[in-house]
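> Provided below for reference: sequence and predicted model.
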Amino acid sequence: MIIARKAEGIPWVVGWLTAIALAEAVVSRWRRLLLEQTAQGFVFDLRNELVAKLSRLPLAFFNDSRTGDLMSRVSSDVEAVQDVVVNGTDSLLANFLRLAGVIVIFCSVNLTLGLVTVAPILIVGFLLRAFNSRVKSMYKAARERLGTLNARLSDTLQGIRVVKGFARELAEREAFSSVNRLFYDSNIQAVRARANVFPWIGFVVSFTNTLTIGFGAYLILHHRFTLGGLIMYRTYGRFFYGPMDSLTQINDMYQRALAAGRRIFEVLDSPESVSDHPDAVELAPIDGAVVFDGVSFAYHAEDESFAANLSQIDFRIEPGQQVALVGESGAGKSTIFALLSRFWDPTDGAIRIDGQDIRQVTQQSLRQQVVMVQQDTFLFTASIAANIRYGRPEADDAEVEAAARAANAHEFIERLPEGYESVVGERGVKLSGGQRQRIAVARAFLANGRLILLDEATSAVEPESERLIYEALDRLLKGRTSIVATHRLATIRHADLILVLSRGQIVERGTHTELMKLHGVYAHMVASADRILA
C-alpha cells in the first residue's frame, strides 16, 4: 500500500525534472543568444570604429605603417578580443559566482576547514600574478610579429610580378620563413611560460583536495567535524576545483586579449593631425581662385634636424588659369598638391580658395571640388563602371559612359568581354597603364571638380595612350583651374604660369617665353630636355 502511494508520485517527479531540464535549455538558449549578439555587436562597432579612425588619420600615419599590420589589427586582434567577450565574460562570471558560493558553503559548515581549503587560492593568485608579469611582453611580441608576418605576406603578394620578374621566389620564401620563425619563437616562449606555471597551479589544486581530506579526517578524529560534513565537502569539491582551473585558463585568454587590445588602442589613440575645425563650414561651389600665402611645411616639423619641404611659398592663380610646377624630384611639387587637398596642413602660412582658408572648411566639401589625377593610378578590385563612378557614386550609367567617352576610354571598354561591368583585377592589373590612366581621367570627369591637380599624369604610359590621355586632359581642363606637375616640359609650354621649384622654394616664375629670356634654371632644364630628345 505504501509502495503504491509512493509509486503514484513518480510521474510528478519525472514531470518536474523534465520541466526543470526544459526550462534550463530555454534559459541557456536565450542566455547564449543574448551573449553572442552582444559580443558580435561589440566587435561590429569596434571594427567600424577602427576603420573610421583609420580613414581620419593623416597620410603620415600610413607612411610609417604597413598595410598588412593594420589589417592584422582590424582582423586577428579584434578576433582575440571577441574571443574574450564571447567566451571569457560568460565563463568568468559563472565560475566566479560558483567559486564564491562554494566558499561560503564551506566556511558556513566549518570555518576552520573552510579557511584551510580556501587558503591555497592565495598561492594560485601569486602564481598567476607572476605568470601575467612574464607573459605580457611575450603575448605583445607575438601579436606584433603576427602583424609583421601579415605585412610581409601582403608585400609579397602585391609585388608578386616584381618577385617573379627578378626570380626572387626563393629569397621571398626564405624571408617569409624568417619572419614566421620569429612568430613561432614568440608563441613557444608563451607555451613554455604556461608549461612552467600551469602544472604548479594544478598541483596546488590537487594538494588542496588532499589537504581538505587530511585535515577533515583530523577534525573528525577529534570530534570537531562529522563524516557527513566531509562527504559534503568532497561532493561540492568539483564546484570548487573546476572553477579554479577554468579561471586560470580564462586569465590566459585575457592576457592574450590585453596584448591585442593594446595594439587596437594604439590606432584608436593615434593623433589626427588634420581634422575639421569645430566651426568648419561647407565650401561653397568654387570658381577656382587659389592663393598660397607664405606657406611653409615640413613632414618632420618636430625634428629640427630635418629641413623644411616647402619654405615661404607665395603664388596666386586666377580662376580658369593653368599653372605648371616644374623642378627636380623632391623639389616640393607633390607636397603642394597634398597641401591643397589638405592631406596635411601648412606649418606656416595659409592656403585660400576663393578667399576661404581651407582649414576653415570641411575636408569632404573641399575634396569634392579638388580633383587629383595621379601618376600611380589606383583602381579598386571592382568593375570599370564602379571605378569611374567612384568620382560621383550617384551618377547613372549614361553619365558614366559620357565620362568614359570624354576620357577616350569608351572604345577599349566596349571591346572588353563584359564592357563596363568587366572587373579590372587587383589595382587594375588586367588593364594596361594607359587604360588605367584613362579610367582615372574618366573618374575625374565624372567628379566634375573646378580645381584639377595633375601629378605626372602621363609619365608611365605608352606614346599612343599618352596622345589619347592628353586629348582627354585638354577637354577636362577646359574652363577649369588646373595645376600640372610634370617633368615633360613640352607639355606645359602654353601654361599661363610656370613655377620653378628647387629644394622647396620657388626660384623662378613666369610664362615659358619669360622664363626662357632669363636664361636661368628653367631655360637650362628646357635645353637639357631638348638635347635628350635630339
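Right, received. Where do you want to start? Numbers count the residues shown, from 1 in each chain.
> Reduced to three states, what does Phe239 come out as?
At Phe239, secondary structure determined by DSSP: H, G, I helix; E, B strand; the rest coil is helix.
> element containing the spatially closest residue to it that is not a sequence neighbour, please.
If the residues on either side of it in the chain are set aside, Phe239 comes closest to Val102, at 4.8 Å by CB to CB, 6 or more residues apart in numbering. In this view, the C-beta of every residue, glycine as well, is placed from N, C-alpha and C. Taking DSSP states H and E as the definition, Val102 sits inside helix 89-109.
> With Ser296 instead?
Using DSSP H and E, Ser296 falls within strand 290-297.
> Name every strand pairing with that strand and say which way it goes.
strand 310-317 (antiparallel), strand 348-353 (antiparallel) (DSSP bridges).
> in the longest one, what counts as buried?
When neighbours are counted by 16 or more other CB atoms under 10 Å, the buried residues of strand 310-317 are found to be 310-311, 313, 315, 317.
> The shortest one too?
Along strand 348-353, these residues count as buried under the neighbour rule (16+ other CB under 10 Å): 348-349, 351-353.
> Quick one: the residues you listed as CSV, columns for distance to Tyr299 and pLDDT too.
Shown next, in CSV, are those (distance: CB to CB, whole Å; pLDDT from 0 to 100):
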residue, distance to Tyr299, pLDDT
Asp348, 14, 91
Gly349, 16, 91
Ile351, 17, 93
Arg352, 22, 93
Ile353, 23, 92
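> what would the residues you listed look like in CSV with distance to Tyr254?
Shown next, in CSV, are those (distance: CB to CB, whole Å):
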residue, distance to Tyr254
Asp348, 48
Gly349, 50
Ile351, 49
Arg352, 53
Ile353, 51
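> circling back to that earlier point, I'd like the next helix or strand past the helix holding Val102.
Using DSSP H and E, the next helix or strand after helix 89-109 towards the C-terminus is helix 111-118.
> SS state for Asp376?
From three-state DSSP, the assignment for Asp376 is coil.
> Spit out the contact partners of it.
By CB atoms under 8 Å, 6 or more residues apart in numbering, Asp376 lies in contact with nothing.
> which secondary structure element contains the residue lying closest to Ala190 once chain neighbours are set aside?
Once flanking residues are discounted, Ala190 sits nearest to Met138: 4.5 Å by CB to CB, 6+ apart. For Met138, the host element (DSSP H and E) is helix 120-158.
> Please apply the same query to Leu454.
Counting by DSSP H and E, the element that carries Leu454 is strand 451-455.
> What pairs with that strand, parallel or antiparallel?
strand 370-374 (parallel), strand 481-485 (parallel).
> looking at these, which is buried most?
Scoring the strands paired with strand 451-455 by mean neighbour count under mean count of other CB atoms under 10 Å gives strand 481-485 as the most buried, with a mean of 25.
> That one: what's the following helix or strand?
strand 497-502.
> Touching that following strand from outside, list them.
For strand 497-502, the surrounding residues in contact (CB under 8 Å, 6+ apart) are 315, 317, 321-328, 331-333, 492, 506-512, 515, 520-522, 525.
> Which one, of the strands paired with strand 290-297, ends up nearest to Glu471?
strand 310-317 (23.9 Å; CB to CB).
> And the pLDDT at the one residue sitting closest to the centre of the chain?
Residue closest to the average C-alpha location in the chain (CA atoms, centre = their mean): Leu70, at 4.1 Å. Leu70 carries a pLDDT score of 87 in this model.
> before we move on, what about Phe343?
You'll see Phe343 listed with a pLDDT of 88.
> does it count as helix, strand or coil?
For Phe343, the assignment made with three-state DSSP gives coil.
> Number of residues surrounding the nearest residue to it once chain neighbours are set aside?
By the measure of CB to CB, 6+ apart, the closest residue to Phe343 outside its immediate chain neighbours is Leu59, 4.9 Å from it. Counted with other CB atoms under 10 Å, residues neighbouring Leu59 total 14.
> right, and Leu59 touches Asp345 too?
No. Judged on CB atoms under 8 Å, Leu59 makes no contact with Asp345 at a distance of 11.8 Å.
> Phe225: neighbour count?
When neighbours are defined as other CB under 10 Å, Phe225 has 20 of them.
> got it, and Leu221?
Leu221 has 9 neighbours, counted by other CB under 10 Å.
> Can you give me the pLDDT of it?
On pLDDT, Leu221 comes in at 84.
> re the thing from before, for the buried residues of strand 348-353, work out which two are farthest apart.
For the buried residues of strand 348-353, the farthest-apart pair by CB to CB is Asp348 and Ile353; their separation is 18.4 Å.
> and Pro58, backbone torsions?
phi -70, psi 160 (degrees, to the nearest 10).
> Count the neighbours of it for me.
By other CB under 10 Å, neighbour count at Pro58 equals 18.
> Pull the residues that contact stretch 34-50.
For stretch 34-50, the external contacting residues (CB under 8 Å, 6+ apart) are 73-74, 78-79, 81-82, 85-86, 89-90, 264, 267-268.
> Let me see the mean pLDDT of that stretch.
83.
> My understanding was that the residue nearest to Ala190 contacts Gln189; is that so?
Yes. In terms of CB under 8 Å, Met138 counts as a neighbour of Gln189; the distance is 4.8 Å.
> Give me the pLDDT value at the residue nearest to Ala190.
The model reports Met138 with a pLDDT of 89.
> Do a quick rundown of the helices in the stretch 351-500 of the chain.
For the stretch 351-500 of the chain, the helices defined by DSSP state H, counting those that start in this stretch cover 363-367, 384-389, 397-406, 410-415, 433-447, 463-477.
> Between Met138 and Gln189, point out the one with more neighbours.
The neighbour comparison of Met138 against Gln189 (other CB under 10 Å) goes to Met138, with 21 against 17.
> and that one, what is it in contact with?
Taking CB under 8 Å, 6+ apart, we find Met138 in contact with 186, 189-190, 193.
> before we move on, the earlier item: for the strand holding Ser296, buried residues please.
Neighbour-count burial for strand 290-297 flags 290-293, 295-297 (criterion: 16+ other CB under 10 Å).
> got the angle for it vs strand 497-502?
Calculated by axes from the mean of the first three to the mean of the last three CA atoms, to 10 degrees, strand 290-297 forms an angle of 0 degrees with strand 497-502.
> CA atoms only: put strand 290-297 into PDB for me.
Output of strand 290-297 as PDB, limited to C-alpha atoms (Å, rounded to 0.1, in the frame of the first residue of the first chain):
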ATOM      1  CA  VAL A 290      43.900  79.700 -55.400                       C
ATOM      2  CA  VAL A 291      46.300  81.600 -53.200                       C
ATOM      3  CA  PHE A 292      49.400  80.300 -51.300                       C
ATOM      4  CA  ASP A 293      50.400  82.900 -48.800                       C
ATOM      5  CA  GLY A 294      53.800  82.400 -47.100                       C
ATOM      6  CA  VAL A 295      53.200  78.600 -47.000                       C
ATOM      7  CA  SER A 296      55.900  76.500 -45.300                       C
ATOM      8  CA  PHE A 297      55.700  72.800 -44.500                       C
END
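> ok, back up a step: so for the helix holding Met138, what gets flagged as buried?
In terms of neighbour count (16+ other CB under 10 Å), helix 120-158 has its buried residues at 120-121, 123-124, 127-128, 131-132, 135, 138-156.
> tell me which element Ile231 falls in.
Assigned by DSSP H and E, Ile231 falls within helix 227-268.
> tell me the mean pLDDT for that helix?
82.
> Okay, angle between it and helix 111-118 too, please.
Here the directions of helix 227-268 and helix 111-118 differ by 40 degrees (the same axes, to 10 degrees).
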